[in-house]
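In: I would like the atomic coordinates for the input below:
(one chain, ligands or ions: 1)
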Amino acid sequence: MSIKENLENVKQNIANAAIKTGKKPEDITLVMATKTVDVDRIREAIKAGGNIIGENKIQEALKKYQELKDEKVEWHFIGHLQTNKVKDALKFAHMIHSVDRLPLAEKLDHRLMQEVRSLDILVQVNTSHEESKYGIEPEKAISLIKQIAKYDTLNIRGLMTIGLFTKDEVKIRKCFKVLKALCDTIVTEGIDRVQMDYLSMGMTNDYQIAIEEGANMVRIGTAIFGARNTPDAYYWPSEKKDQ
Ligand SMILES: *Cc1c(COP(=O)(O)O)cnc(C)c1O
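Out: Got it, this is the predicted structure:
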């Protein structure tokens, strides 16, 4: 199937899942996860109506950004962000989904102050407790969010998580429930300068489940572009070198 057909299918599935949970199809934002996808195929997806690109690696994103500069799309950074790559991330990213520690927030703030602007961010939460995934532990998330909220340059717009990789739907659902509950708690607490507009959760294998559990932003690659050759381990290194 073509990218256009794939995208139409995904959008239909999103719409169905949204309606099932009493939401409107347009309430769900689709981020096209474009890691390993070349610019020609990305252009095809843009032409078919995709309007947000999510990239995982800074170098790869910058290269594509140069080539796709004239396209009217929003760029999201969804991969692990090393503090020494902050300056480069800010060259293209309209939103960063993966803020998960204070030193990173501090570095972003420092750089954004120099550029005299602010940035929309999501706080990444590790709801699956897998070593190979980044994100703050759910128990520590609120404390981190309160600290990040002190930086005027960072607009916390919501939360992001990657569900557990398993065929066990109950376990996947549990991850999403944890993120939704955390979101609700934050809303109830009413933390100054913190908005919970977006719950970024759900990928090719679990986006319908995620939407049922409250996601309003999904990040989908494989279902749109087909299987990748590069193993995900390259994009999600298991060693946490940069904490
Ligand atoms: C690759 C990736 C996705 C999309 O994964 P698919 O299974 O291909 O849909 C979503 N989120 C993040 C953070 C990713 O790295």
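In: gap between L182 and the ligand?
Out: Plainly put, L182 is 18 Å away from the ligand if you go by CB to the nearest ligand atom, to the nearest Å. Every residue, glycine included, has its C-beta placed from N, CA and C.
In: my error: substitute H97 in the last question.
Out: H97 is 7 Å from the ligand, where distance means CB to the nearest ligand atom.
In: can I assume that residue is in contact with Q124?
Out: Yes - under the criterion of CB atoms under 8 Å, H97 is in contact with Q124, at a separation of 6.3 Å.
In: mind listing the shared neighbours of those two?
Out: M160 (CB atoms under 8 Å, 6 or more residues apart in numbering).
In: neighbour-wise, which of the two wins?
Out: A side-by-side neighbour count of H97 and Q124, using other CB atoms under 10 Å, places H97 first with 28 against 25.
In: and that one, how far from I121?
Out: 8 Å (CB to CB, to the nearest Å).
In: and the protein, which residues reach the ligand?
Out: Counting by CB under 6 Å from any ligand atom, the residues of the chain close to the ligand are 33, 35, 56, 78-79, 162, 203-205, 219-223, 235.
In: could you list the low-pLDDT ranges of the protein?
Out: 132, 238-243 (pLDDT under 70).
In: the helices in it, which residues?
Out: Remark: helices assigned in the chain by DSSP state H are 3-20, 39-47, 58-67, 86-89, 102-114, 138-148, 169-189, 207-212, 222-225, 232-235.
In: go through these and pick out the most buried.
Out: Across the helices of the chain, averaging neighbours per residue (mean count of other CB atoms under 10 Å) puts helix 207-212 on top, at a mean of 22.
In: quick one: distance of that one to the chain centre.
Out: Distance of helix 207-212 from the chain centroid (CA atoms, centre = their mean, to the nearest Å) equals 15 Å.
In: hmm, back to that, who wins for proximity to V73 among the helices of the chain?
Out: V73 lies closest, by CB to CB, to one member of the helices of the chain: helix 39-47, at 5.8 Å.
In: could you say what helices and strands that closest one packs with?
Out: When contacts are defined as 3 or more CB pairs under 8 Å, 6 or more residues apart in numbering; DSSP states H and E, helix 39-47 packs onto helix 3-20, helix 58-67, helix 222-225.
In: what helices or strands is the longest one leaning on?
Out: This means helix 3-20. Contacts defined by 3+ CB pairs under 8 Å, 6+ apart place helix 3-20 against strand 29-33, helix 39-47, helix 207-212, helix 222-225.
In: repeat that for the last one.
Out: Packing partners of helix 222-225 (3+ CB pairs under 8 Å, 6+ apart): helix 3-20, helix 39-47.
In: alpha carbons only: can I get that helix in CSV?
Out: Presented in CSV, the C-alpha positions along helix 222-225 are these (Å, rounded to 0.1, in the frame of the first residue of the first chain):
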residue,chain,number,x,y,z
THR,A,222,5.5,1.9,10.9
ALA,A,223,1.8,2.0,10.0
ILE,A,224,2.4,4.9,7.7
PHE,A,225,5.9,4.2,6.3
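In: now do that helix: everything it contacts.
Out: By CB under 8 Å, 6+ apart, the surrounding residues in contact with helix 222-225 are 3, 6-7, 9-10, 32, 34, 37, 41, 45, 50, 203-204, 207, 228.
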